[in-house]
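**Student:** the amino acid sequence is not available; the structure is as follows:
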């Protein structure tokens, strides 16, 4: 045994690593776990936030859809009924009639046609309500086509009657002031 | 270790060999077959003159909360749930056949699907047709047997929860139900149908009275003795022959090929059929199109903006009518009209006509006679009219009337026209 070996043998205990206090290990483990937990918590938080955001987005989207008013244009576009150019025809005819006027003594008789126009607008609201409640169906499309044909015929009728009244008014003036029919 | 490897091998063998049949069996278990179909039939005898009161197939109450899709066609009324699965399926077409027997027969085909075959059978046993002859000789028909309502609920997290409620209040969970009804009734009985939802009604030949109160319906009838009807937005109403018709309608189209007496606008429109947004000046008939083949007597009153297209009419009476136009191919006997802004175009007036009285304003009146016709024409001189050469040379003026004699004097019918701001074309 040489001196070195001898020295090792004598000081073996001192050279051996000292036992670490278990508290230290526990603290170290805790630190590691804390780090892991933090990451896990971040993940959970992100997940919850994602779910909340998805819900908010879903309800916001569905509310927008529900609150969006169903109008004639949208219905016709949605269900491929635009090919008939109904709204354009109606708008052109309404524009033509917007400035039309008849003698005041004729306006009362004329009201009934205007009321029928109001009725037709109300009828379209019935269709919209039906579509909102039950969804769009083929036969409702047929009804809408019939509705527009009737509405266009009614506007033509109003136009014809206005022209007729004014034709005779020019030939034989009634001295009654003219008033707009207000469509 | 040995056992474990054996297990793995077994699992692999199971996977490869049994997975497809296993899935198929699962599929069958899922889909076969808690749906059953039965035809319920009830036939009862009725007395002469009985009145059958029927609802329409789509009259069933529907209460839905959640996602619902409709995939309806013209003949079907169906409600689809969350995954577009059909839950309720009703045949909207109501076929009413008539026969010489004195019995009423209701035939309803019902298909039900519930969670199990047993439940479906138990529920099917509770569905019944209930035909009873009441003391007033009225028989009420429910096309949806004793099912009073259909309920469906679903949500984001919940699939379709469908139930039907029976007339006795019991609720039953179902997955699917379909209903089709067909009726056979005696020719001699009366029929009344009310409904305000879309439907198609086909009625056979009937000698009794028909009373219809319909909205958004199509009606196809054959020969009918008496018809009383209130229609709103019924774009197709057809009858081949009607002895007496009393019709009030708004925004509807009617075709009658042959009729005895037709009254239009004689009765006020039923509230459900009236124009909802019109608060005043309600008409009994408005914005409707009437196409008649041959009519003996036609009476039109309280009509606004209707359109009449008539092939042949014997007598025509018009009163309290405005903006309603008439196009007649042949007038045989008489015309009495009191109207405003109503055009009257008659392509041919028979030589046998007796009288034509027209009081009108702001309208065009075309009356065409045969070349050999004889008539005495009187036109009120006080009103502004435009006309053809016939009106330029009155034979005489008497009591404010321009009088014209066409053909032989003392023969033929009389015509009296009082029309302010009108255009006459008499030839």
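**Tutor:** Done, it's in. The model shown is predicted, which means the values in this text are computed figures rather than measured ones.

**Student:** show me which residues of chain A sit near chain B.
**Tutor:** Contact residues (Cβ under 8 Å from any Cβ of the partner chain) of chain A with chain B: A:109, A:111-113, A:115-116, A:118-123, A:134-139, A:142-143, A:146, A:150, A:154, A:157, A:161, A:164-165, A:168, A:171-172. In short, each C-beta sits where N, CA and C put it, glycine included.

**Student:** how about a cut-off of 6 Å?
**Tutor:** Neighbours of chain B within chain A, by Cβ under 6 Å from any Cβ of the partner chain: A:112, A:115-116, A:118-119, A:122, A:134-135, A:137-139, A:146, A:164, A:168, A:172.

**Student:** most neighbours of all these, which one?
**Tutor:** residue A:116 (25 neighbours; other Cβ atoms under 10 Å in any protein chain shown).

**Student:** as a check, name the ranges of all helices in chain A.
**Tutor:** For chain A, helices defined by DSSP state H occupy the ranges A:3-10, A:12-15, A:22-67, A:72-78, A:86-98, A:104-134, A:138-171.

**Student:** strands of the stretch 301-427 of chain B, residue ranges please.
**Tutor:** Using DSSP state E, counting those that start in this stretch, the strands assigned to the stretch 301-427 of chain B run over residues B:307-322, B:325-340, B:344-349, B:355-369, B:375-380, B:385-386, B:396-398, B:401-406, B:413-426.

**Student:** now these as CSV including distance to chain A, mean pLDDT and mean neighbour count?
**Tutor:** Conversion of these to CSV gives the following (distance: least, Cβ to the nearest Cβ, whole Å; pLDDT from 0 to 100; neighbours: other Cβ atoms under 10 Å in any protein chain shown):
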stretch, distance to chain A, mean pLDDT, mean neighbour count
strand B:307-322, 7, 95, 20
strand B:325-340, 6, 95, 20
strand B:344-349, 14, 96, 19
strand B:355-369, 6, 93, 20
strand B:375-380, 15, 89, 20
strand B:385-386, 8, 81, 16
strand B:396-398, 20, 73, 10
strand B:401-406, 17, 84, 18
strand B:413-426, 4, 90, 20
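
**Student:** in contact with the residue of the stretch 101-250 of chain B found nearest chain A, which residues?
**Tutor:** The stretch 101-250 of chain B approaches chain A most closely through residue B:235 (4.9 Å), counting by Cβ to the nearest Cβ. Applying Cβ atoms under 6 Å, 6 or more residues apart in numbering or on different chains to residue B:235 gives the contacts A:146, B:253.

**Student:** what pairs with residue B:248 across the strands?
**Tutor:** residue B:230 (DSSP bridges).

**Student:** if we can go back for a sec, which one of the residues of chain A next to chain B is nearest residue B:323?
**Tutor:** Taking Cβ to Cβ as the measure, residue B:323 lies nearest residue A:112 of the residues of chain A next to chain B, at 7.2 Å.

**Student:** quick one: the closest one and residue B:304 touch, right?
**Tutor:** Yes. With contact defined as Cβ atoms under 6 Å, residue A:112 reaches residue B:304; the gap is 5.3 Å.

**Student:** which secondary structure element of the chain has the lowest mean pLDDT?
**Tutor:** With no chain named, the answer covers chain A. Within chain A, no helix or strand scores below helix A:72-78, which has a mean of 72 by mean pLDDT, DSSP states H and E.

**Student:** may I see the buried residues of that helix?
**Tutor:** For helix A:72-78, a neighbour-count test (16 or more other Cβ atoms under 10 Å in any protein chain shown) marks A:72, A:75-76 as buried.

**Student:** which one of the residues of chain A next to chain B is nearest residue A:21?
**Tutor:** The closest of those to residue A:21 turns out to be residue A:135 (Cβ to Cβ; 73.8 Å).

**Student:** what distance do you get for residue B:127 to residue B:232?
**Tutor:** Applying Cβ to Cβ, to the nearest Å, the value for residue B:127 to residue B:232 is 32 Å.

**Student:** more neighbours, the two?
**Tutor:** Taking other Cβ under 10 Å, residue B:127 and residue B:232 do not tie; residue B:232 has more neighbours (25 against 20).

**Student:** and the more buried one, how far is that from residue B:216?
**Tutor:** Using Cβ to Cβ, residue B:232 is found at 8 Å from residue B:216.

**Student:** thought residue B:286 was touching residue B:250?
**Tutor:** Yes. Between residue B:286 and residue B:250 there is a contact at 4.8 Å, judged by Cβ under 6 Å.
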